[in-house]
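Engineer: Compute the structure for the input listed below.
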Amino acid sequence: MQKFAANLSMLFTELPFLDRFAAAAGAGFEAVEFL
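Structural biologist: I've put the predicted structure just below:
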């Protein structure tokens, strides 16, 4: 099964950057990336 990483440069932009990690985890992502 494929696994996806949340791109924090594009997702959860309404949140401060450091809060995006928790938001991604809460959405079920196990990995993140950012540019």
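
Engineer: For the chain, just list every one of the strands.
Structural biologist: Ranges of strands within the chain are 6-7, 32-33, based on DSSP state E.

Engineer: and the first one, average pLDDT?
Structural biologist: If I follow you right, that is strand 6-7. With pLDDT averaged residue by residue, strand 6-7 scores 98.

Engineer: Give the buried residues for stretch 6-16.
Structural biologist: 6, 8, 11-12 (16 or more other C-beta atoms under 10 Å). Where you see a C-beta, it was placed from the backbone N, CA and C, and this is true even at glycine.

Engineer: what would those look like in TSV with distance to Phe34?
Structural biologist: Shown next, in TSV, are those (distance: C-beta to C-beta, whole Å):
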residue	distance to Phe34
Ala6	9
Leu8	4
Leu11	10
Phe12	11
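
Engineer: Pick out whichever of those residues sits closest to Glu30.
Structural biologist: Ala6 (9.2 Å; C-beta to C-beta).

Engineer: The closest one contacts Gly28, correct?
Structural biologist: No - Ala6 lies out of contact with Gly28 (C-beta atoms under 8 Å); the separation is 9.2 Å.

Engineer: what's near enough to touch Phe17?
Structural biologist: By C-beta atoms under 8 Å, 6 or more residues apart in numbering, Phe17 lies in contact with Leu8.

Engineer: State the distance from it to Met1.
Structural biologist: 29 Å (C-beta to C-beta, to the nearest Å).

Engineer: CSV for the strands of the chain, including distance to Ala22?
Structural biologist: Formatted as CSV, the strands of the chain follow (distance: least, C-beta to C-beta, whole Å):
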stretch, distance to Ala22
strand 6-7, 11
strand 32-33, 11
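
Engineer: mind checking which of those is nearest Ala23?
Structural biologist: Between these, strand 6-7 lies closest to Ala23; by C-beta to C-beta that is 8.4 Å.

Engineer: Paired strands for the closest one, with orientation please.
Structural biologist: Strand 6-7 pairs in its sheet with strand 32-33 (parallel), by DSSP bridges.
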